[in-house]
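> Here's a sequence, model it:
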Amino acid sequence: MTRLPDMTEAQIRRYARHIVLPEIGGIGQSRLIAARVLVVGAGGLGAPALQYLAAAGIGMLGVIDDDVVDLSNLQRQIIHRTGDIGTAKVESAKRALGEINPEVTVQAHKERLTEANVERIVGGYDIVADGSDNFATRYLLNDTCYRLKKILVSAAILRFDGQISTYKAWHGAGHPCLRCVFPAAPSEDSVPSCAQAGVLGALAGTLGALQATEVVKEILGIGRSLSGRLVTYDALETSFEEMAIVKRADCPTCSKS
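Residues are numbered from 1 along each chain as shown. Predicted structure coming up:
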């Protein structure tokens, strides 16, 4: 078993509100400090997820994105500032995270996630938070996390709606993967992009914060996992709904066949 790091007096003060929680305590906080989390995308979902994970003390935070900051991003991608326009998103995010918590090591991957690099990048982390904006990347992450036995916390947003679930199908029966829920990608015409359909800026904060929460829970092994459940959020109605999702016998990724 890997030895957990001892906390300094400054760390005990910084994470005091975690440490007093019986479900976390000093041992739990040390686990967070020892954890390695990859966040895919430094955009609407990745921005709040990264900020809360850094504040929580995740020892190694990876962020992958090949885009640069644009003026239109600033309505929801709150990790970036007006002065960051034209800067690589991963570099802007790394600067912001260093200001939030200089104890966190940030690995900036300024590249697009592809079949050629996905195993190399994902393999260096314990948990992946997917904030990507397309099905090709989501499927690539799902399949890779299944092969490498990594926990995947995936969220999506559009207009006023969001959804989130955790996938760890390699745990066995009762744990579906993303392809069990979405066996085939919808046509491009049926699912418009945020640029085409719009998105409420604060909605990204809601779902990104939920992703950070689920990542922390999985690291600590506390609470009820979202594996096997898909939670949807309607911002206009201020309502959450939950549906059970099951492992598909014919799933192309995680079925025995």
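> Just the mean pLDDT for the helix or strand harbouring V215, thanks.
In this assignment (DSSP states H and E), V215 forms part of helix 201-220. For helix 201-220, the mean pLDDT works out to 98.
> now that helix: how far from the chain's centre is it?
Distance, stretch centre to chain centre, for helix 201-220: 7 Å (C-alpha atoms, centre = their mean, to the nearest Å).
> In three-state terms, label the residue nearest to E241 when sequence neighbours are not counted for me.
The spatially closest residue to E241, leaving aside those adjacent along the chain, is T232, at 5.0 Å (C-beta to C-beta, 6 or more residues apart in numbering). Placement of C-beta: from N, CA and C, glycine included. Of the three states, T232 takes strand under DSSP: H, G, I helix; E, B strand; the rest coil.
> Test my guess that T232 contacts D161.
Yes. Contact criterion C-beta atoms under 8 Å: T232 and D161 qualify, at 6.8 Å.
> now the helices for the protein?
Ranges of helices in the chain, per DSSP state H, are 9-14, 16-19, 25-34, 46-56, 89-100, 118-122, 135-148, 178-181, 194-197, 201-220.
> wait, which of those helices is closest to V246?
Between V246 and the helices of the chain, the tightest spacing by C-beta to C-beta is seen for helix 178-181, at 6.9 Å.
> measure stretch 183-202 end to end?
By C-alpha to C-alpha, to the nearest Å, the extent of stretch 183-202 from end to end equals 30 Å.
> got it, and stretch 124-132?
Note: stretch 124-132 ends 19 Å apart using C-alpha to C-alpha.
> buried stuff in it?
Neighbour-count burial for stretch 124-132 flags Y125, D126, I127, V128, A129, D130, G131, S132 (criterion: 16 or more other C-beta atoms under 10 Å).
> ok, the first one - contacts?
Meaning Y125. Residues near Y125 by C-beta atoms under 8 Å, 6 or more residues apart in numbering: R36, V37, L38, M60, G62, K150.
> can you check the fifth one too?
Each residue near A129 by C-beta under 8 Å, 6+ apart is listed here: 37-40, 45-46, 49, 53, 153-155, 211-212, 215.
> One more pass at 10 Å, please.
Neighbour list for A129: 37-41, 45-46, 49-50, 53, 61-63, 141, 151-155, 166, 208, 211-212, 214-215 [criterion: C-beta atoms under 10 Å, 6 or more residues apart in numbering].
> Enumerate the beta-bridge partners assigned to it.
Counting by DSSP bridges, A129 forms beta bridges with V39, V153.
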